[in-house]
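Asker: turn this into a structure:
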Amino acid sequence: MGIVVQKYGGSSVADADGIKRVAQRIVDAKRAGHDVVVVVSAMGDTTDELIDLAEQVSPLPAGRELDMLLTAGERISMALLAMAIGNLGQEAQSFTGSQAGVITDSVHGKAKIIDVTPGRIEKALAQGAVAIVAGFQGVSQDTKDITTLGRGGSDTTAVALAAAMDADVCEIYSDVDGVFTADPRIVPSARKRDRISYEEMLEMAASGAKILHLRCVEYARRYQMPIHVRSSFSKRTGTWIAEDAEVEQMEQAIIAGVAHDRSEAKITVVGVPDKVGEAARIFEALSEAGINLDMIVQNVSAAATNLTDISFTLPREDGQKAMAALAQLKDEVGYDSLLYDDRIGKVSLVGAGMRSHPGVTAKFFAALANAGVNIEMISTSEIRISVIVDESQVDDAVAATHTAFDLDSDEVEAVVYGGTGR
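Answerer: As a prediction, the model looks like this:
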């Protein structure tokens, strides 16, 4: 038996009973002969509560101090979990991200993992203990300050540790039984996928599926680390995320699922002079402000005015920062005005089978039309079609698309045990 890395989300360790239930599962895995490394998130909504508390104290808290505060949530849950495991007769040792050897860059709030040096974890395993690691955090290589990895960072911590220790598998535990063809809260008839490829899961995560974080899947694909997504509330087999060839052997689904995202906003730069370099100035300003863009559409310029409109989507939390950056460019670029819309949603159809099956786009748009959903923007990749729609029509769009592609299950498979989907 080899090393198994298990990650438990906030809903799994939300209270004392949850922590004791997780402890029993960990001890069972240890007694089955595995070396077990556990990555744990903060309890329940602790991180959100700490952010709210920080904002009450300071409207713009310093990144370094905010990271110091937020990492306390995972330290609480890791210590409590170690105590619960000890109570079951199994030794456990808890480690912060820095003690576990998670080395990051120095960007507070969105740090990226540079290296993992898990010497202390390996020593704990050699002593027969379960190693428990605080997720979501590391230590800066340059400044030696505590850093956080951003939302979903515990998933990334788990996969990075699994890759560094050459683990057999990285198990991601949440409050749903695996990866479903749509969010079970919107589509109760969503079907659980037994296997899904890294490529499809990357597109699903990038399109808003909350079950796994995008950076976690990227890391797993880079190191070919198999991920098993399952529920900590049941004993059921979950969804395996693996190489494309392995998935294709097992399952030949055209569509992997329908994802949605309500966290974006849309900005339209109206009346941009259609000449060389204007678009570059706009997007350079956004880049310098540290804003990631998603979908971009430029209209054909009007012959009479030689002006064009450029629309793009971005994280809603960056909306005001982007508007401020663009406002400073008005005289330089000479555009007419800026339009901001944060009442939008993105709906995406994902599936590797799109490459070899014509008619997917037509069926997708027909399903949206039949549901009375108006499309504002369209973006595609080789295995994904995304559309921007009005926020109020997201649920209808997801349900209609799911049904149109025969993804509905005859019986209810999707159970959300904890209520958050993480």
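Asker: need the contact list for the closest residue to residue 148 other than its chain neighbours.
Answerer: Closest residue in space to residue 148, ignoring its immediate chain neighbours: residue 67 at 4.7 Å, by C-beta to C-beta, 6 or more residues apart in numbering. The way it works is simple: take the backbone N, C-alpha and C, and place the C-beta from them, glycine included. Counting by C-beta atoms under 8 Å, 6 or more residues apart in numbering, residue 67 touches 108-109, 137, 145-148.
Asker: among those residues, which one sits closest to residue 337?
Answerer: When those are ranked by distance to residue 337 (C-beta to C-beta), residue 109 comes first, at 31.8 Å.
Asker: now the end-to-end length of stretch 79-93.
Answerer: Stretch 79-93 has an end-to-end distance of 8 Å (C-alpha to C-alpha, to the nearest Å).
Asker: buried ones in stretch 222-230, by neighbour count?
Answerer: Within stretch 222-230, the residues that qualify as buried are 225-230, counting by 16 or more other C-beta atoms under 10 Å.
Asker: and if you look at stretch 281-298?
Answerer: 282, 285-286, 291, 293-295, 297.
Asker: what does stretch 364-380 give?
Answerer: Applying 16+ other C-beta under 10 Å to stretch 364-380 flags 364-365, 367-368, 371, 373, 375-377, 379 as buried.
Asker: residue 225 touches residue 167, doesn't it?
Answerer: Yes - contact status for residue 225 versus residue 167: in contact at 7.3 Å, counting by C-beta atoms under 8 Å.
Asker: next secondary structure element downstream of the helix or strand of the chain with the lowest mean pLDDT?
Answerer: When each helix and strand of the chain is scored by mean pLDDT, DSSP states H and E, helix 244-250 comes last, with a mean of 55. Moving toward the C-terminus from helix 244-250, the next helix or strand (DSSP states H and E) is strand 257-261.
Asker: residues in contact with that following strand?
Answerer: Under the criterion C-beta under 8 Å, 6+ apart, residues 179-183, 186-187, 190, 193, 200, 203-204, 207-209, 345-351, 394, 397-398, 401-402, 405, 407 lie in contact with strand 257-261.
Asker: format the CA atom coordinates belonging to that strand as CSV.
Answerer: Extracted in CSV, the C-alpha atoms of strand 257-261 (Å, rounded to 0.1, in the frame of the first residue of the first chain):
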residue,chain,number,x,y,z
GLY,A,257,-21.5,18.4,-18.6
VAL,A,258,-23.0,21.9,-18.4
ALA,A,259,-21.3,24.4,-16.2
HIS,A,260,-22.4,27.9,-15.2
ASP,A,261,-20.8,30.9,-13.5
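Asker: now do it, average pLDDT.
Answerer: For strand 257-261, mean pLDDT is 96.
Asker: can you show me the helices along this structure?
Answerer: For the chain, helices defined by DSSP state H occupy the ranges 16-31, 46-57, 63-87, 119-126, 153-164, 198-206, 214-223, 244-250, 278-288, 319-327, 330-333, 360-370, 394-404.
Asker: from the contact counts, what lies against the last one?
Answerer: I take that to be helix 394-404. Under the contact definition 3 or more C-beta pairs under 8 Å, 6 or more residues apart in numbering; DSSP states H and E, helix 394-404 sits against strand 257-261, strand 344-350, helix 360-370.
Asker: please state the offset of the shortest one from the chain centre?
Answerer: Relative to its chain's centre, strand 257-261 lies at 12 Å (C-alpha atoms, centre = their mean, to the nearest Å).
Asker: will you turn the buried residues of stretch 222-230 into CSV that also has distance to residue 307?
Answerer: Formatted as CSV, those follow (distance: C-beta to C-beta, whole Å):
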residue, distance to residue 307
225, 50
226, 52
227, 48
228, 53
229, 48
230, 53
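Asker: want to throw those into CSV with distance to residue 37 and pLDDT?
Answerer: Formatted as CSV, the buried residues of stretch 222-230 follow (distance: C-beta to C-beta, whole Å; pLDDT from 0 to 100):
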residue, distance to residue 37, pLDDT
225, 13, 95
226, 15, 95
227, 14, 96
228, 14, 96
229, 17, 95
230, 17, 93
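Asker: out of those residues, name the two that are farthest from one another.
Answerer: Across the buried residues of stretch 222-230 (C-beta to C-beta), the longest gap, 15.7 Å, separates 225 and 230.
Asker: coming back round to it: what about the residue nearest to residue 148, distance to residue 292?
Answerer: Distance, residue 67 to residue 292, by C-beta to C-beta, to the nearest Å: 20 Å.
Asker: same thing with residue 285?
Answerer: Taking C-beta to C-beta, one finds residue 285 at 14 Å from residue 292.
Asker: how much space between residue 129 and residue 38?
Answerer: Per C-beta to C-beta, residue 129 is found 11 Å from residue 38.
Asker: that older thread, nearest to residue 264, out of the helices of the chain?
Answerer: Among these, the nearest to residue 264 by C-beta to C-beta is helix 319-327 (9.1 Å).
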